[in-house]
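Colleague: Below are the sequence and a predicted model; questions follow.
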Amino acid sequence: MNNIPYYGPAEVKASLKYEELVSALELALADFSKGPEGGVSQPLRATAEVTKFNGFLAAMPAYVSSRQALACKLVTFYPNNTAKDLDTHMAHILLFDETSGEIKAIMDGEVITAMRTAAVSAIATKYLAEKYEILAVLGSGVQATAHTEAFCKMFPIKKVNIWNHRTEGAEKLARYVKESLGIEVQVFTDVQSCVEEADIINAATFATEPILKEYSMKPWVHINYRRSSYHLRILTAVGAPRPQWQELSAELMNNSTVYVDSFLSATKESGDVIKSGAKIYAEIGEVILGTKKAEINKKTIFKSLGLALEDAVSARLVFDVMEQNKKTAKP
Ligand SMILES: NC(=O)C1=CN([C@@H]2O[C@H](COP(=O)(O)OP(=O)(O)OC[C@H]3O[C@@H](n4cnc5c(N)ncnc54)[C@H](O)[C@@H]3O)[C@@H](O)[C@H]2O)C=CC1
Ligand SMILES: O=C([O-])C1=[NH+]CCC1
(Lines give C-alpha, C1' and ligand atoms only; values in the text may rest on other atoms or scores of the structure.)
(Ligands and ions follow the chains in the order given, each with its own letter.)
Protein backbone atom coordinates (compact mmCIF):
# COMPACT_ATOMS: atom_id res chain seq x y z
CA MET A 1 0.00 0.00 0.00
CA ASN A 2 3.03 2.27 0.22
CA ASN A 3 3.85 4.90 -2.37
CA ILE A 4 0.60 4.89 -4.28
CA PRO A 5 0.96 7.79 -6.69
CA TYR A 6 -1.56 10.62 -6.39
CA TYR A 7 -2.23 12.91 -9.35
CA GLY A 8 -3.89 16.24 -8.62
CA PRO A 9 -6.12 18.27 -10.98
CA ALA A 10 -3.19 20.07 -12.65
CA GLU A 11 -1.39 16.81 -13.46
CA VAL A 12 -4.59 15.23 -14.75
CA LYS A 13 -5.34 18.26 -16.94
CA ALA A 14 -1.84 18.32 -18.34
CA SER A 15 -2.06 14.59 -19.20
CA LEU A 16 -5.33 14.65 -21.13
CA LYS A 17 -5.83 15.93 -24.66
CA TYR A 18 -9.30 16.02 -26.18
CA GLU A 19 -8.19 14.30 -29.41
CA GLU A 20 -6.82 11.26 -27.53
CA LEU A 21 -9.76 11.18 -25.17
CA VAL A 22 -12.22 11.24 -28.05
CA SER A 23 -10.58 8.34 -29.90
CA ALA A 24 -10.19 6.23 -26.76
CA LEU A 25 -13.77 6.86 -25.59
CA GLU A 26 -15.22 6.24 -29.02
CA LEU A 27 -13.72 2.74 -29.05
CA ALA A 28 -14.76 2.06 -25.46
CA LEU A 29 -18.37 3.15 -26.08
CA ALA A 30 -18.45 0.84 -29.09
CA ASP A 31 -17.06 -2.02 -26.95
CA PHE A 32 -19.74 -1.31 -24.35
CA SER A 33 -22.57 -1.53 -26.87
CA LYS A 34 -21.27 -4.86 -28.21
CA GLY A 35 -22.57 -6.52 -25.05
CA PRO A 36 -20.56 -9.15 -23.16
CA GLU A 37 -18.11 -9.80 -26.01
CA GLY A 38 -17.07 -6.13 -25.93
CA GLY A 39 -15.13 -6.77 -22.71
CA VAL A 40 -16.70 -3.95 -20.70
CA SER A 41 -18.03 -4.65 -17.24
CA GLN A 42 -20.02 -1.82 -15.72
CA PRO A 43 -22.85 -2.11 -13.24
CA LEU A 44 -25.34 0.71 -12.75
CA ARG A 45 -23.72 3.18 -10.35
CA ALA A 46 -24.74 2.90 -6.71
CA THR A 47 -25.97 6.25 -5.40
CA ALA A 48 -26.50 7.12 -1.74
CA GLU A 49 -28.80 10.08 -1.14
CA VAL A 50 -27.94 12.57 1.59
CA THR A 51 -31.48 13.94 1.69
CA LYS A 52 -30.87 16.29 4.64
CA PHE A 53 -28.29 18.24 2.64
CA ASN A 54 -29.59 17.66 -0.89
CA GLY A 55 -26.47 15.69 -1.73
CA PHE A 56 -25.51 12.43 -3.47
CA LEU A 57 -22.55 10.06 -3.30
CA ALA A 58 -22.13 7.72 -6.26
CA ALA A 59 -19.74 4.78 -6.66
CA MET A 60 -18.86 4.10 -10.29
CA PRO A 61 -16.74 0.98 -10.95
CA ALA A 62 -15.87 -0.28 -14.44
CA TYR A 63 -13.50 -2.55 -16.32
CA VAL A 64 -12.62 -1.93 -19.97
CA SER A 65 -10.60 -4.90 -21.14
CA SER A 66 -9.34 -3.39 -24.43
CA ARG A 67 -7.70 -0.51 -22.48
CA GLN A 68 -6.53 -2.55 -19.48
CA ALA A 69 -8.55 -0.08 -17.46
CA LEU A 70 -9.99 -1.13 -14.09
CA ALA A 71 -11.15 1.77 -11.94
CA CYS A 72 -13.72 3.12 -9.56
CA LYS A 73 -14.77 6.75 -9.27
CA LEU A 74 -16.36 8.11 -6.13
CA VAL A 75 -18.25 11.28 -6.90
CA THR A 76 -20.37 13.55 -4.74
CA PHE A 77 -22.80 16.06 -6.16
CA TYR A 78 -24.30 18.75 -3.99
CA PRO A 79 -26.28 21.32 -6.01
CA ASN A 80 -26.45 23.70 -3.01
CA ASN A 81 -22.65 24.01 -2.85
CA THR A 82 -22.79 26.94 -5.27
CA ALA A 83 -24.11 29.12 -2.44
CA LYS A 84 -21.10 28.08 -0.33
CA ASP A 85 -18.70 28.88 -3.16
CA LEU A 86 -17.72 25.20 -3.37
CA ASP A 87 -17.64 22.97 -6.44
CA THR A 88 -20.93 21.12 -6.84
CA HIS A 89 -19.16 17.93 -7.98
CA MET A 90 -16.14 16.46 -6.21
CA ALA A 91 -14.56 13.22 -7.32
CA HIS A 92 -11.62 10.88 -6.98
CA ILE A 93 -10.71 7.88 -9.10
CA LEU A 94 -8.88 4.76 -7.96
CA LEU A 95 -7.09 2.90 -10.76
CA PHE A 96 -6.24 -0.79 -10.28
CA ASP A 97 -3.96 -3.36 -11.90
CA GLU A 98 -6.24 -5.58 -13.99
CA THR A 99 -4.06 -8.66 -13.45
CA SER A 100 -3.82 -8.57 -9.64
CA GLY A 101 -6.34 -6.01 -8.37
CA GLU A 102 -3.54 -3.98 -6.74
CA ILE A 103 -4.09 -0.26 -6.63
CA LYS A 104 -1.93 1.61 -9.15
CA ALA A 105 -2.89 5.25 -8.59
CA ILE A 106 -5.37 7.62 -7.03
CA MET A 107 -6.24 10.75 -8.92
CA ASP A 108 -8.46 13.78 -9.00
CA GLY A 109 -11.74 12.96 -10.75
CA GLU A 110 -13.16 16.45 -11.30
CA VAL A 111 -11.12 17.31 -14.37
CA ILE A 112 -11.79 13.84 -15.81
CA THR A 113 -15.53 14.17 -15.16
CA ALA A 114 -15.62 17.50 -16.98
CA MET A 115 -13.42 16.49 -19.92
CA ARG A 116 -14.77 12.98 -20.56
CA THR A 117 -18.39 14.17 -20.46
CA ALA A 118 -17.64 16.91 -23.00
CA ALA A 119 -15.64 14.46 -25.12
CA VAL A 120 -18.56 12.00 -25.23
CA SER A 121 -21.01 14.77 -26.20
CA ALA A 122 -18.55 15.75 -28.95
CA ILE A 123 -18.46 12.14 -30.20
CA ALA A 124 -22.27 12.08 -30.40
CA THR A 125 -22.20 15.41 -32.23
CA LYS A 126 -19.61 14.17 -34.69
CA TYR A 127 -21.85 11.21 -35.61
CA LEU A 128 -25.26 12.85 -35.42
CA ALA A 129 -24.99 16.48 -36.52
CA GLU A 130 -24.63 17.91 -40.00
CA LYS A 131 -23.52 21.47 -39.40
CA TYR A 132 -21.21 22.82 -36.75
CA GLU A 133 -21.19 26.61 -36.90
CA ILE A 134 -23.44 27.95 -34.18
CA LEU A 135 -23.28 26.45 -30.72
CA ALA A 136 -25.88 27.21 -28.05
CA VAL A 137 -24.90 26.50 -24.47
CA LEU A 138 -27.48 26.28 -21.68
CA GLY A 139 -25.70 26.62 -18.35
CA SER A 140 -22.40 28.22 -17.47
CA GLY A 141 -20.86 25.91 -14.87
CA VAL A 142 -18.13 23.28 -15.10
CA GLN A 143 -19.82 21.13 -17.74
CA ALA A 144 -20.98 24.07 -19.86
CA THR A 145 -17.44 25.45 -19.84
CA ALA A 146 -15.84 22.08 -20.69
CA HIS A 147 -18.35 21.50 -23.49
CA THR A 148 -17.71 24.97 -24.92
CA GLU A 149 -13.96 24.43 -24.85
CA ALA A 150 -14.13 20.93 -26.36
CA PHE A 151 -16.63 21.85 -29.09
CA CYS A 152 -14.75 24.99 -30.11
CA LYS A 153 -11.58 22.87 -30.37
CA MET A 154 -13.19 20.02 -32.31
CA PHE A 155 -15.65 21.76 -34.63
CA PRO A 156 -15.52 24.88 -36.84
CA ILE A 157 -17.71 26.89 -34.45
CA LYS A 158 -18.19 30.49 -35.58
CA LYS A 159 -20.48 31.74 -32.83
CA VAL A 160 -21.44 30.69 -29.29
CA ASN A 161 -24.83 31.62 -27.79
CA ILE A 162 -25.09 31.32 -24.02
CA TRP A 163 -28.04 31.22 -21.66
CA ASN A 164 -27.86 30.65 -17.92
CA HIS A 165 -30.55 31.05 -15.29
CA ARG A 166 -28.24 33.58 -13.63
CA THR A 167 -27.04 36.01 -16.28
CA GLU A 168 -23.76 36.81 -14.50
CA GLY A 169 -22.72 33.18 -15.02
CA ALA A 170 -23.46 33.44 -18.75
CA GLU A 171 -21.47 36.67 -18.94
CA LYS A 172 -18.47 35.07 -17.25
CA LEU A 173 -18.49 32.18 -19.72
CA ALA A 174 -18.94 34.68 -22.57
CA ARG A 175 -15.78 36.53 -21.50
CA TYR A 176 -13.88 33.24 -21.58
CA VAL A 177 -15.18 32.43 -25.09
CA LYS A 178 -14.26 35.86 -26.41
CA GLU A 179 -10.94 36.35 -24.68
CA SER A 180 -9.50 32.81 -24.55
CA LEU A 181 -11.12 31.11 -27.54
CA GLY A 182 -11.41 34.23 -29.72
CA ILE A 183 -14.91 33.30 -30.94
CA GLU A 184 -17.94 35.57 -31.38
CA VAL A 185 -20.34 35.20 -28.48
CA GLN A 186 -23.80 36.40 -27.45
CA VAL A 187 -25.55 36.16 -24.07
CA PHE A 188 -29.29 35.54 -24.02
CA THR A 189 -31.78 36.05 -21.21
CA ASP A 190 -34.30 33.76 -22.86
CA VAL A 191 -33.66 30.06 -23.58
CA GLN A 192 -35.74 29.82 -26.75
CA SER A 193 -33.97 32.73 -28.46
CA CYS A 194 -30.62 31.27 -27.44
CA VAL A 195 -31.24 27.97 -29.23
CA GLU A 196 -33.24 29.22 -32.22
CA GLU A 197 -30.39 29.69 -34.71
CA ALA A 198 -28.05 27.05 -33.28
CA ASP A 199 -26.77 23.97 -35.11
CA ILE A 200 -25.67 22.34 -31.86
CA ILE A 201 -27.24 22.80 -28.43
CA ASN A 202 -25.57 21.72 -25.21
CA ALA A 203 -27.74 21.56 -22.11
CA ALA A 204 -25.64 21.32 -18.94
CA THR A 205 -27.53 22.68 -15.97
CA PHE A 206 -28.63 21.65 -12.51
CA ALA A 207 -32.26 22.20 -13.51
CA THR A 208 -34.79 19.88 -11.91
CA GLU A 209 -37.72 21.16 -14.02
CA PRO A 210 -37.63 21.45 -17.84
CA ILE A 211 -35.79 24.55 -19.05
CA LEU A 212 -36.03 23.74 -22.74
CA LYS A 213 -39.60 23.12 -23.90
CA GLU A 214 -39.35 22.85 -27.68
CA TYR A 215 -37.48 24.23 -30.63
CA SER A 216 -38.08 24.18 -34.32
CA MET A 217 -36.04 22.23 -36.78
CA LYS A 218 -33.99 24.78 -38.61
CA PRO A 219 -34.85 25.06 -42.31
CA TRP A 220 -32.00 24.26 -44.59
CA VAL A 221 -31.96 27.00 -47.21
CA HIS A 222 -31.47 24.75 -50.18
CA ILE A 223 -29.48 21.67 -50.97
CA ASN A 224 -30.47 21.54 -54.60
CA TYR A 225 -33.20 22.92 -56.84
CA ARG A 226 -35.78 20.26 -56.13
CA ARG A 227 -35.44 19.51 -52.46
CA SER A 228 -35.77 21.74 -49.50
CA SER A 229 -34.95 20.01 -46.30
CA TYR A 230 -33.82 20.52 -42.76
CA HIS A 231 -30.50 20.32 -41.23
CA LEU A 232 -29.91 17.96 -38.49
CA ARG A 233 -29.51 19.80 -35.27
CA ILE A 234 -28.31 18.01 -32.23
CA LEU A 235 -29.11 18.61 -28.61
CA THR A 236 -26.64 17.02 -26.22
CA ALA A 237 -28.12 16.99 -22.73
CA VAL A 238 -25.93 16.05 -19.78
CA GLY A 239 -27.94 17.40 -16.83
CA ALA A 240 -30.84 15.95 -14.80
CA PRO A 241 -29.07 12.72 -13.77
CA ARG A 242 -31.74 11.76 -11.21
CA PRO A 243 -35.08 10.00 -11.92
CA GLN A 244 -37.08 12.94 -10.47
CA TRP A 245 -35.17 15.68 -12.33
CA GLN A 246 -35.86 17.04 -15.81
CA GLU A 247 -33.96 19.46 -18.00
CA LEU A 248 -36.02 18.90 -21.18
CA SER A 249 -39.78 18.86 -21.61
CA ALA A 250 -41.62 15.60 -22.21
CA GLU A 251 -42.92 17.06 -25.46
CA LEU A 252 -39.42 17.73 -26.73
CA MET A 253 -38.25 14.26 -25.69
CA ASN A 254 -41.20 12.63 -27.44
CA ASN A 255 -40.72 14.67 -30.62
CA SER A 256 -37.08 13.68 -30.98
CA THR A 257 -34.95 10.68 -31.77
CA VAL A 258 -33.32 9.89 -28.45
CA TYR A 259 -29.81 8.47 -28.27
CA VAL A 260 -28.23 7.63 -24.93
CA ASP A 261 -24.85 6.62 -23.54
CA SER A 262 -26.35 3.56 -21.82
CA PHE A 263 -29.86 2.06 -22.00
CA LEU A 264 -29.58 0.87 -18.40
CA SER A 265 -28.47 4.25 -17.02
CA ALA A 266 -31.02 6.19 -19.05
CA THR A 267 -33.96 4.03 -18.05
CA LYS A 268 -33.00 3.91 -14.35
CA GLU A 269 -31.56 7.39 -13.77
CA SER A 270 -32.75 9.93 -16.33
CA GLY A 271 -35.84 11.92 -15.33
CA ASP A 272 -35.97 13.23 -18.91
CA VAL A 273 -36.43 9.66 -20.16
CA ILE A 274 -38.44 8.21 -17.26
CA LYS A 275 -40.92 11.07 -16.80
CA SER A 276 -41.54 11.60 -20.52
CA GLY A 277 -41.83 7.91 -21.32
CA ALA A 278 -39.83 8.71 -24.48
CA LYS A 279 -38.59 5.79 -26.52
CA ILE A 280 -34.83 5.35 -26.72
CA TYR A 281 -33.67 4.76 -30.27
CA ALA A 282 -30.06 3.71 -29.74
CA GLU A 283 -26.96 3.81 -27.63
CA ILE A 284 -24.29 6.02 -29.15
CA GLY A 285 -22.01 2.96 -29.18
CA GLU A 286 -24.42 1.29 -31.62
CA VAL A 287 -24.12 4.28 -33.95
CA ILE A 288 -20.33 4.13 -33.71
CA LEU A 289 -20.48 0.39 -34.49
CA GLY A 290 -22.82 1.07 -37.42
CA THR A 291 -25.49 -1.30 -36.10
CA LYS A 292 -27.93 1.63 -35.74
CA LYS A 293 -28.11 4.41 -38.31
CA ALA A 294 -28.47 8.10 -37.50
CA GLU A 295 -32.13 9.08 -38.04
CA ILE A 296 -32.37 12.04 -40.33
CA ASN A 297 -35.93 13.24 -40.25
CA LYS A 298 -36.39 14.19 -36.62
CA LYS A 299 -34.78 16.30 -33.96
CA THR A 300 -31.89 14.57 -32.29
CA ILE A 301 -31.20 14.34 -28.59
CA PHE A 302 -28.16 12.70 -27.05
CA LYS A 303 -28.98 12.10 -23.39
CA SER A 304 -25.89 11.49 -21.31
CA LEU A 305 -25.86 10.22 -17.74
CA GLY A 306 -22.11 9.68 -17.44
CA LEU A 307 -20.52 6.24 -17.42
CA ALA A 308 -17.87 4.67 -15.22
CA LEU A 309 -16.18 3.21 -18.30
CA GLU A 310 -15.42 6.78 -19.43
CA ASP A 311 -13.69 7.48 -16.11
CA ALA A 312 -11.73 4.22 -16.23
CA VAL A 313 -10.46 4.86 -19.77
CA SER A 314 -9.54 8.46 -18.92
CA ALA A 315 -7.77 7.48 -15.70
CA ARG A 316 -5.75 4.87 -17.59
CA LEU A 317 -4.72 7.51 -20.17
CA VAL A 318 -3.55 9.78 -17.34
CA PHE A 319 -1.63 6.93 -15.67
CA ASP A 320 0.14 6.03 -18.92
CA VAL A 321 1.20 9.64 -19.52
CA MET A 322 2.43 10.02 -15.93
CA GLU A 323 4.41 6.76 -16.17
CA GLN A 324 5.94 7.89 -19.45
CA ASN A 325 6.85 11.26 -17.92
CA LYS A 326 8.52 9.40 -15.03
CA LYS A 327 10.62 7.35 -17.45
CA THR A 328 11.71 10.33 -19.53
CA ALA A 329 12.53 12.36 -16.39
CA LYS A 330 14.99 9.66 -15.19
CA PRO A 331 18.67 10.36 -15.99
N1 LIG B 1 -23.77 13.30 -18.02
C2 LIG B 1 -22.66 13.33 -17.32
O3 LIG B 1 -21.73 12.58 -17.59
C4 LIG B 1 -22.50 14.32 -16.22
C5 LIG B 1 -23.54 15.11 -15.87
N6 LIG B 1 -23.41 16.05 -14.89
C7 LIG B 1 -24.59 16.87 -14.63
O8 LIG B 1 -24.51 18.05 -15.45
C9 LIG B 1 -25.17 19.15 -14.79
C10 LIG B 1 -24.19 20.33 -14.70
O11 LIG B 1 -23.06 19.95 -13.93
P12 LIG B 1 -21.87 20.99 -13.62
O13 LIG B 1 -21.68 21.89 -14.77
O14 LIG B 1 -20.73 20.20 -13.14
O15 LIG B 1 -22.47 21.81 -12.42
P16 LIG B 1 -22.17 23.32 -12.01
O17 LIG B 1 -22.67 23.46 -10.62
O18 LIG B 1 -20.77 23.65 -12.30
O19 LIG B 1 -23.10 24.17 -13.01
C20 LIG B 1 -24.49 24.09 -12.91
C21 LIG B 1 -25.12 25.11 -13.86
O22 LIG B 1 -26.54 25.00 -13.78
C23 LIG B 1 -27.10 26.26 -13.41
N24 LIG B 1 -28.27 26.00 -12.57
C25 LIG B 1 -28.29 25.70 -11.25
N26 LIG B 1 -29.56 25.50 -10.86
C27 LIG B 1 -30.33 25.65 -11.96
C28 LIG B 1 -31.72 25.55 -12.19
N29 LIG B 1 -32.57 25.25 -11.22
N30 LIG B 1 -32.19 25.80 -13.44
C31 LIG B 1 -31.32 26.10 -14.45
N32 LIG B 1 -30.00 26.20 -14.28
C33 LIG B 1 -29.51 25.96 -13.06
C34 LIG B 1 -25.98 27.01 -12.69
O35 LIG B 1 -26.16 28.41 -12.72
C36 LIG B 1 -24.77 26.55 -13.50
O37 LIG B 1 -24.66 27.28 -14.69
C38 LIG B 1 -25.60 18.60 -13.43
O39 LIG B 1 -26.92 18.15 -13.53
C40 LIG B 1 -24.68 17.42 -13.23
O41 LIG B 1 -25.09 16.50 -12.28
C42 LIG B 1 -22.23 16.26 -14.25
C43 LIG B 1 -21.15 15.46 -14.54
C44 LIG B 1 -21.21 14.42 -15.54
O1 LIG C 1 -20.98 10.73 -14.53
C2 LIG C 1 -20.83 11.40 -13.49
O3 LIG C 1 -19.78 11.47 -12.85
C4 LIG C 1 -22.00 12.12 -12.98
N5 LIG C 1 -23.13 12.16 -13.63
C6 LIG C 1 -24.10 12.92 -12.94
C7 LIG C 1 -23.44 13.39 -11.72
C8 LIG C 1 -22.05 12.87 -11.77
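Modeller: Yes, it's here. Ligands and ions are numbered 1, 2, ... in the order given.
Colleague: drop to CA atoms for contacts and neighbour counts, all remaining ones
Modeller: OK.
Colleague: any idea whether the closest residue to ligand 2 within the stretch 201-331 of the chain is helix, strand or coil?
Modeller: For the stretch 201-331 of the chain and ligand 2, the shortest gap (Cα to the nearest ligand atom) falls at residue 306, measuring 3.3 Å. At residue 306 the chain is in coil, as set by DSSP: H, G, I helix; E, B strand; the rest coil.
Colleague: neighbours around it, how many?
Modeller: Using other Cα atoms under 10 Å, residue 306 has 22 other residues around it.
Colleague: Hmm, it is touching residue 264, no?
Modeller: No - at 11.6 Å, residue 306 does not count as touching residue 264 under the criterion of Cα atoms under 8 Å.
Colleague: Stretch 244-252 - what's its average pLDDT?
Modeller: Computed over stretch 244-252, the mean pLDDT rounds to 96.
Colleague: Contacts for that stretch, please.
Modeller: Here stretch 244-252 makes contact (Cα atoms under 8 Å, 6 or more residues apart in numbering) with 203, 205-215, 237, 239-240, 270-272, 275-278.
Colleague: Give me the buried subset of the residues you listed.
Modeller: Buried members of these, scored by 16 or more other Cα atoms under 10 Å, are 203, 205-208, 211-212, 214, 237, 239-240, 270-272, 275-276, 278.
Colleague: Which of these fall in helices?
Modeller: The members of those that map onto helices under DSSP state H are 271, 272, 275, 276.
Colleague: Excluding chain neighbours, give the residue nearest to the first one in space.
Modeller: Among residues not flanking residue 271 along the chain, residue 243 sits closest, at 4.0 Å (Cα to Cα, 6 or more residues apart in numbering).
Colleague: same question, the third one
Modeller: Leaving aside its chain neighbours, residue 275 sits nearest to residue 250 (7.1 Å; criterion: Cα to Cα, 6+ apart).
Colleague: Give me the number of neighbouring residues for residue 163.
Modeller: Counted with other Cα under 10 Å, residues neighbouring residue 163 total 27.
Colleague: quick one: pLDDT of it?
Modeller: You'll see residue 163 listed with a pLDDT of 98.
Colleague: tell me which element the residue most central in space within the chain is part of?
Modeller: By Cα atoms, centre = their mean, the chain has its centre lying nearest to residue 117, at 2.7 Å. Assigned by DSSP states H and E, residue 117 belongs to helix 110-128.
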